[in-house]
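Peer 1: Give me coordinates for this.
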Amino acid sequence: MRITTSRAVAASVAVSVVVAGGLATAGAQADGSAGNPGTWTGVPAATKAAGLTVPNALSAQLAEHVVAQGSTPLDGGTAAIPFYGYDGNGSLLPAPNTNVEASKTEPDKNTYLVLKGQTGADPAYNYGTHFLFQGHETGTRGYLTRINLDADAAHRVTLMADSYTSGSVLPTWDGSTYNPFAKQLLLTAEGGSLGGVSQATATYPSKVVSLAAEFGKAGYEGIQNDRDGNVWVVEDAGGTTVPTSAKVPNSYIFRFTPVDKSDLTKGGKLQALQVTSLQTKTPITYGPIDATHPTGNAFSADTADLHTYGKTFATGWVTVHDTATDTSGANFDANLAARAAGATPFKRPENGVFRPGSDFSEFFFTETGDTNATSTANAGFGGWGSIFKLSLNSSGDKGKLSLVYTGDAEHAGFDNITFLSNRYFAVVEDAGDGLHTQRAKLDSAYVVDTKADYSTAPAPTRFIAEGRDVSATIDSGLSGSTGFQNEGDNEITGIHVSDGDASVGGILGAKTPQLFDGAWRLFWTQQHGDNYTWEITPFKG
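Peer 2: Below is the predicted model of the structure:
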């Protein structure tokens, strides 16, 4: 059917929007195996075509329902930030005959917590005990929200903070996790030289402080604690583009060891991962881009080795900053410091998690790659994106790095990652509008088997074929027009499995997930467009 009223007016600016099917689909009656990701059936990727909206499709064993959407009014909202996914600077769809609409704030990585005694903007209301926190990636200013999963519509999403305790405006955030040692949320800003890490109380109103002096500036995204109170941060910083459409590896895996794990503001040591070359037996470092090396290390033998199945690399850590020696309290560029220290750069790693049951000795992380079908680094040099496993010794100071999976045109742009069990994890795509158009396919989420040898095994199973909602379809048509400030196609983000345990014993990776057992829950956010946040549950017919 065709959209009507104000949506039809908006569509006339961009595209004629056709709705294909319902909002979300599932397959036949589930067979009771929803809790075992190894049995989930695959679904085909959603097709991208001009003006076509497409429903999400899930494995036959799964269903999903909305827990919040962009137009949900905020409990405690302001004139500047009135909705879950929209700023207050315009209408939620373009005004007639224009491309002007409110800035979409793109709720990002989710963190699920079970907490008692939480309050909100309404002092007389009982907000329950089950909560989903997220920062927002874009918009006119950053802010922190909490979805109150037990609450009614009027109290469904609470605005927790929109400024630091100092009064300055918050950055737009990407990653989040809960640090039980300090009893604080940790949030990351993927702002390149303006990015960084902040911490926020989980109580209302949230008190937010910057950790710039401790973590410095970088394109930080994924963030995760380990059992010792260290904080692991994965950087997503795109490198220089070299012929053709390939990016030079320019992002690092960081580990922060605090002086006092209960108070990160007391400082500590920031380190970056260093990988030893199989070719030279010396560290793999950032390659110079000059007349002699016009493509840097985008096509080096080391980059090829890193993206080859069956190869294993020795690893260690190099210190890039230490507050014990730098007592100035000043900000610093963590990316440049890692480069100067001889750390090993990767092709846009975005998120990482510890495997449950490994006693924090196995860390899996994603590389997004180049997200361009014309990249000459796609074949053999990680351009499609990859997944790595870092196996650590008992101290965590030495390790072995190996390739788990390297992508192709159908499986590319890997981003968020979460373990579904101690064997299987989910990884999602952020391929971007350009690659969507090139391959005529939208984003997907996959089940990856840690025991599979993907040099010979079939590709991971697609369990979410993300579609495109009406607002995203309109925005895709408007994308690139003068003055239009929002994103286009929907993106999968915030994939997250947790039982909400806020204690030290509940750190992600400490316990084996038991999906759908009444405690463990699975969430994801359909970023851009209408900005739905979903919970996945067993399909019951």
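Peer 1: Now do the helices in the stretch 151-300 of the chain.
Peer 2: For the stretch 151-300 of the chain, the helices defined by DSSP state H, counting those that start in this stretch cover 212-215.
Peer 1: That one: strands as residue ranges?
Peer 2: 157-161, 176-179, 184-189, 196-200, 208-210, 220-225, 231-235, 241-242, 246-247, 253-258, 268-275 (DSSP state E, counting those that start in this stretch).
Peer 1: Show me the one of those strands that comes nearest residue 467.
Peer 2: strand 157-161 (23.1 Å; CB to CB). To be clear about C-beta, it is placed using only N, CA and C from the backbone, and glycine gets the same treatment.
Peer 1: can you pull the alpha-carbon coordinates of the closest one into PDB?
Peer 2: The C-alpha trace of strand 157-161 is given here as PDB (Å, rounded to 0.1, in the frame of the first residue of the first chain):
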ATOM      1  CA  VAL A 157      11.700   6.300  28.700                       C
ATOM      2  CA  THR A 158      13.400   8.700  31.100                       C
ATOM      3  CA  LEU A 159      15.800  11.400  30.100                       C
ATOM      4  CA  MET A 160      18.700  10.800  32.600                       C
ATOM      5  CA  ALA A 161      21.100  13.600  31.700                       C
END
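Peer 1: circling back: let me have the strands of the stretch 151-300 of the chain in a markdown table, extended by mean neighbour count, distance to residue 501 and mean pLDDT.
Peer 2: Below are these laid out as a markdown table (neighbours: other CB atoms under 10 Å; distance: least, CB to CB, whole Å; pLDDT from 0 to 100):
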| stretch | mean neighbour count | distance to residue 501 | mean pLDDT |
| --- | --- | --- | --- |
| strand 157-161 | 26 | 20 | 98 |
| strand 176-179 | 23 | 9 | 98 |
| strand 184-189 | 26 | 15 | 98 |
| strand 196-200 | 25 | 19 | 98 |
| strand 208-210 | 20 | 23 | 97 |
| strand 220-225 | 27 | 13 | 98 |
| strand 231-235 | 26 | 18 | 98 |
| strand 241-242 | 17 | 43 | 97 |
| strand 246-247 | 26 | 38 | 98 |
| strand 253-258 | 23 | 21 | 98 |
| strand 268-275 | 24 | 25 | 98 |
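Peer 1: Identify whichever of these lies nearest to residue 101.
Peer 2: Nearest of these to residue 101, taken as CB to CB: strand 157-161 at 20.2 Å.
Peer 1: Which strands or helices does the closest one pack on?
Peer 2: In terms of contacts (3 or more CB pairs under 8 Å, 6 or more residues apart in numbering; DSSP states H and E), strand 157-161 is packed against strand 74-75, strand 144-148.
Peer 1: what residues does the shortest one touch?
Peer 2: Going back to what we said before, that points to strand 74-75. For strand 74-75, contacts defined as CB atoms under 8 Å, 6 or more residues apart in numbering pick out 81-84, 120-122, 145, 148, 151, 154-159.
Peer 1: isn't residue 40 right next to residue 461, touching?
Peer 2: Yes: between residue 40 and residue 461 there is a contact under CB atoms under 8 Å: 6.0 Å.
Peer 1: got any residues that touch both of these two?
Peer 2: Joint contacts of residue 40 and residue 461 (CB under 8 Å, 6+ apart) are 59, 447.
Peer 1: of those two, who's got more company?
Peer 2: Neighbour tally, residue 40 and residue 461, criterion other CB atoms under 10 Å: the higher count belongs to residue 40, 23 against 20.
Peer 1: Now do the helices in the protein.
Peer 2: 5-14, 212-215, 301-306, 334-341, 432-439, 470-478 (DSSP state H).
Peer 1: can you tell me which of these comes nearest to residue 390?
Peer 2: Per CB to CB, nearest to residue 390 of these: helix 301-306, 12.2 Å.
Peer 1: nearest residue to residue 182 other than its sequence neighbours?
Peer 2: residue 262 (5.4 Å; CB to CB, 6 or more residues apart in numbering).
Peer 1: any idea how far residue 179 is from that neighbour?
Peer 2: Taking CB to CB, to the nearest Å as the measure, residue 262 falls 9 Å from residue 179.
Peer 1: Tell me, how many residues neighbour the closest residue to residue 435 other than its chain neighbours?
Peer 2: Counting by CB to CB, 6+ apart, residue 371 is the residue found nearest to residue 435 once chain neighbours are left out, at 4.9 Å. Residues within reach of residue 371, counting by other CB under 10 Å, total 24.
Peer 1: And for the one 3 residues further on?
Peer 2: Residue 374 sits with 13 neighbouring residues when counted by other CB under 10 Å.
Peer 1: quick one: contacts for it?
Peer 2: Neighbours of residue 374 in contact, by CB under 8 Å, 6+ apart: 244-245, 438.
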